[in-house]
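Colleague: Structure here, sequence nowhere to be found:
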């Protein structure tokens, strides 16, 4: 019978560079671009060519929603790579796609090579999908699209989804890579980021129709008698078995068995092998995966068996396919294999020599990615005591060092899996409890991993993994879960000292206008079909209904109050004027909710200025502050420079201590630069690790510095903090502009990072201090409450799984971590004798010291208290504070 391997989306660790980070958090909701939820899932465009896997081209659609979707109002259309007129092929679709189902569209053939596809659900007779490049449109109409625009094309109401590839001039974000005759463009993640190059990767084609039919994958039965071979002889010394296609007989002890969970097989290992290995001389693995749903019930762990079957390579894994009569239980007394007591190597050849063997991983391991934990019960690890770092966080974009770090990160990652291929986010599996995650024991990026049992070295879904010896579930976790994880949570940030503290916080699309108040909104729903967050169809981006907003607010309020800052700059909060309300309506509601928890009058918000730019985004920046500690000086002012027309306009406000007078004044400017997710022309992704729209962010950094300089001149306040979400990692060009203007990145000294994406950590959120402000900094902390937590804890994932992981606490209140800074503002502030600076901060709180240039981040574990960090250093500074209130200052157009 045909072998069915469950399809499984994966985030690619090798895509660490150039990751597309949207203005709204990419990973905050399981976003598919279309209002219907249907997406282009896979496209194979070289059918029939010499060496082709399949005779025909195909496009496969996928429905990620919880309900069937009617396709009768849609069509698939194709336009050539260089075309700018109407598409040349149109196929009106019929039928529907079941929840979590597929729909297979067969195209033409270049010649007569390759296997037949499964029975297609539709056939497109017009020529489509040239191998060198082209654009596929899943249209929201059955009629011809009229001259769709070229370049990056997103949020078009007539287009449900779009895939541009190769040399195509039309795409989402940037074009996907061109496939070969043996690869297709396959969607890699359940989040449609509207960036084809990130959302699709090249992989072996796996067409699937509405009936779930896939091509047979079992090797053909060879002729001739079975050959006796040891497992090492079957594995060979390369990544391909020298006996592939042969029928062999071999023996081994069952070390792992997977009768449930989708693997449909077991692992055997040669008796007496493993233990203390020398990887320099150990060149052939002694373990083997046996694919056999018929015999896996007989393959109990510890049994000594003889198996007869056909050797094959399945997507990089050497395995033996065994029929129902191919297993014989043996009674010989043998020495059981022992787990190899070695560190998992990063060298692919050495990993290959351990394939399917038991391993007791030696050395330190750290969690570096937990995004897929919510989807597939898997956790990405890396050797050592730190998570992987985003390359442009520590190396110059596009440099040789950058390229080397991209490769090193990819080699260092390994997935700790759950012994199953279950997609817990599909409608069929949401009632199945997630493994690893509990409210009491979080799995956080940066946490140390302690292995408590052996694992099997596996290669599956295009990545190396470590499997438990049977499917892991919460019910058997006490005996099957092979590792535990350090809990690195802290109840509050480090004490940063100072007379006043300033923080920056991205509040994850906080919209007090819920989707059910607007017409046209579509939603992401929980496992009961109840809306949780807005998908598309309206301007709202946050909670679907009041109950969802209440859950979101509870986490944000808990986090902000525990942050204990006196001034908080906010990013990603609703611009209520877009809904016909006062611009500050949502800001006022958040402030009221904070006061309900902290006490009436604790918090106040900075009102919008009279002059605001036209055509603002639906999200904006804002300030709140503790009225008993600081007060505003003058009115706020928005920088209306046209450099920010594709981002959020900076907002500036001066403050002073409530009892301190002019000498305690400081100026804060909150920012939210253009995202990395889209850009054309000079804003196209340059493949140097900075993502798309870098040119826009450089212009925004330049305009920001000019804006700040002007405000210093106008107000006489030279203590300036530039805070917010800059959508730029530490070594990227926009940050260079700000540092070159004399500002210090205060977060650099903490040794922590504010954001996690695609298996690595870096800082997109910064607080930059002018020379005068830096001289008064008493400490800085990045409070890791969000980026390192699993997305499963977000309000947006409430009731997505049978395990209830929601808590009204600070953890995963957003996807960005807050940054908090202490300032010594009084002239009589005590001087630290060790640093010569006014005031002191807690150990490891990022206290700057005078006398040198900016230093590198320290080596403390993320979110650990008492983090050791190398301080940011800068030249001796003079303090100059002049009087005067803030004046409204409109910027000229750039």
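Modeller: Structure's in. What do you need? Just so it is clear, the structure is predicted and the values come from calculations on it, not from any experiment.
Colleague: what are the ranges of the helices in the stretch 451-600 of the chain?
Modeller: With DSSP state H, counting those that start in this stretch as the criterion, the stretch 451-600 of the chain has helices at 477-480, 546-563, 585-598.
Colleague: Could you dump the ones you listed into TSV with mean pLDDT, mean neighbour count and distance to residue 176 added?
Modeller: Where you see a C-beta, it was placed from the backbone N, CA and C, and this is true even at glycine. As requested, these are exported to TSV (pLDDT from 0 to 100; neighbours: other CB atoms under 10 Å; distance: least, CB to CB, whole Å):
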stretch	mean pLDDT	mean neighbour count	distance to residue 176
helix 477-480	97	12	38
helix 546-563	98	20	34
helix 585-598	98	18	37
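Colleague: got these as a markdown table, with distance to residue 492 columns?
Modeller: Shown next, in a markdown table, are the helices of the stretch 451-600 of the chain (distance: least, CB to CB, whole Å):
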| stretch | distance to residue 492 |
| --- | --- |
| helix 477-480 | 30 |
| helix 546-563 | 5 |
| helix 585-598 | 14 |
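Colleague: which one of the ones you listed lies closest to residue 225?
Modeller: helix 477-480 (39.4 Å; CB to CB).
Colleague: tell me which strands and helices the closest one is in contact with?
Modeller: Contact partners of helix 477-480 among helices and strands, from 3 or more CB pairs under 8 Å, 6 or more residues apart in numbering; DSSP states H and E: none.
Colleague: Show residues contacting that helix.
Modeller: By CB atoms under 8 Å, 6 or more residues apart in numbering, the residues outside helix 477-480 that reach it are 419, 435, 453, 468-473.
Colleague: how does it look with 6 Å?
Modeller: 468, 470, 472 (CB atoms under 6 Å, 6 or more residues apart in numbering).
Colleague: Could I get the contacting residues of the first one?
Modeller: Yep, that's residue 468 we're talking about. By CB under 6 Å, 6+ apart, the contact list for residue 468 reads 419, 480, 482.
Colleague: Let me know the closest of those to residue 685.
Modeller: Closest to residue 685, out of all of the contacts of residue 468 and judged by CB to CB, is residue 419, at 37.1 Å.
Colleague: Can you name the residues bridging to the spatially most central residue of the chain?
Modeller: For the chain, the residue nearest the mean C-alpha position is residue 757 (4.0 Å; CA atoms, centre = their mean). Beta bridges link residue 757 to residue 760 when assigned by DSSP bridges.
Colleague: of all the contacts of helix 477-480, which comes closest to residue 797?
Modeller: residue 472 (20.2 Å).
Colleague: How much space separates that closest one from residue 230?
Modeller: Distance, residue 472 to residue 230, by CB to CB, to the nearest Å: 30 Å.
Colleague: again with residue 245
Modeller: 18 Å.
Colleague: Looking at the two now, which is surrounded by more residues?
Modeller: residue 230 (16 against 12; other CB atoms under 10 Å).
Colleague: of the contacts of residue 468, closest to residue 168?
Modeller: residue 419 (40.0 Å).
Colleague: dump the residue contacts of that closest one.
Modeller: 258, 261, 467-468, 470-472.
Colleague: try 7 Å
Modeller: 258, 261, 263, 467-468, 470-472 (CB atoms under 7 Å, 6 or more residues apart in numbering).
Colleague: sec struct for it, please.
Modeller: Taking DSSP: H, G, I helix; E, B strand; the rest coil as the rule, one finds residue 419 in the coil state.
Colleague: can you count the residues close to residue 95?
Modeller: Neighbours around residue 95, by other CB under 10 Å: 12.
Colleague: Do I have it right that it meets residue 70?
Modeller: No. Residue 95 is beyond contact range of residue 70, at 8.2 Å (criterion: CB atoms under 7 Å).
Colleague: before we move on, the earlier item: compare the helices of the stretch 451-600 of the chain and give me the one nearest residue 270.
Modeller: helix 477-480 (23.9 Å).
Colleague: gap between that closest one and the chain center?
Modeller: Offset of helix 477-480 from its chain centre (CA atoms, centre = their mean, to the nearest Å): 28 Å.
Colleague: Ok, stretch 45-58 next?
Modeller: Distance of stretch 45-58 from its chain centroid, counting by CA atoms, centre = their mean, is 33 Å.
Colleague: Stretch 605-625 now?
Modeller: 29 Å.
Colleague: any idea how far residue 74 is from residue 487?
Modeller: 47 Å.
Colleague: of those two, who's got more company?
Modeller: Taking other CB under 10 Å, residue 487 and residue 74 do not tie; residue 74 has more neighbours (23 against 14).
Colleague: For the more buried one, which non-adjacent residue is closest in space?
Modeller: Nearest residue to residue 74 in three dimensions, chain neighbours excluded: residue 93, at 4.9 Å (CB to CB, 6 or more residues apart in numbering).
Colleague: swap in residue 712?
Modeller: residue 718 (5.3 Å).
Colleague: again with residue 244
Modeller: residue 311 (5.3 Å).
Colleague: Tell me what that neighbour is bridged to.
Modeller: For residue 311, the beta-bridge partners under DSSP bridges are residue 320.
Colleague: Surely it and residue 240 touch.
Modeller: No. Under the criterion of CB under 7 Å, residue 311 makes no contact with residue 240, lying 10.2 Å away.
Colleague: if you count what's nearby, which of those two comes out ahead?
Modeller: Ranked by neighbour count (other CB under 10 Å), residue 311 and residue 240 place residue 311 first, with 25 against 12.
Colleague: Look at that one and report its pLDDT.
Modeller: Residue 311 carries a pLDDT value of 95.
Colleague: contacting residues around it?
Modeller: Contacts of residue 311 by CB under 7 Å, 6+ apart are 234, 241, 243-246, 248, 320.
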